[in-house]
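Colleague: Sharing a sequence plus its predicted fold:
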Amino acid sequence: MIKNSYCLSIDEKLPYYLEEELSSNFREDIKRHISRCSDCQKRYESLKKTVSALRSIDRDIMKAPVDFAEIVTGKIMKLVYENCSEKKRDAFYFLNRKNVIFGATVVAALVLLGIEISHAIHKKQLKAKMS
């Protein structure tokens, strides 16, 4: 549980502290505070373990099979043809492999763009607070 506003400001800076993205003055302030505040020390250790665990994940485990989009599209089309009238089936004709891949790529790009913009805004706000 965060005790006060100073602990809250430390908590907001912990990810940057872990990534060594703060000036040496801020790093020393945080290090000093963590050594004195058991709550912030626990939050730091927890974040450190989480980051370490995420970095150790084998990236190959998370890769989808090469034919993943084709398999999913096939299953969707099978369900559509089994459960829909001919008129409704025609509405799902757009679900061919190229359109699904293009749509998924656009969605992924928009999500990544949103994350990047959010990160940039947060970083800018944090720098403004530190100034």
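Modeller: That came through, no problem.
Colleague: quick one: least confident helix or strand in this protein?
Modeller: None of the helices or strands of the chain scores lower by mean pLDDT, DSSP states H and E than helix 86-91, at a mean of 62.
Colleague: So which bits of whatever helix or strand comes next after that one are buried?
Modeller: Where DSSP states H and E defines the elements, the next helix or strand beyond helix 86-91 is helix 97-130. Residues of helix 97-130 classed as buried: 100, 126 (neighbour count, 16 or more other Cβ atoms under 10 Å). (Each C-beta comes from the backbone N, C-alpha and C, glycine too.)
Colleague: can you list the domains in the protein?
Modeller: Using automatic domain parsing, the domain ranges for the chain come out as 5-58, 64-123.
Colleague: Just give me the residue right at the centre of this protein.
Modeller: Centroid-nearest residue in the chain, with Cα atoms, centre = their mean: residue 115, separated by 7.2 Å.
Colleague: and stretch 76-87, which residues are buried?
Modeller: Within stretch 76-87, the residues scored as buried using 16+ other Cβ under 10 Å are residue 80.
Colleague: where's it relative to the chain centroid, distance-wise?
Modeller: With Cα atoms, centre = their mean, to the nearest Å as the basis, stretch 76-87 stands 35 Å off its chain's centre.
Colleague: ditto for stretch 124-131
Modeller: 22 Å.
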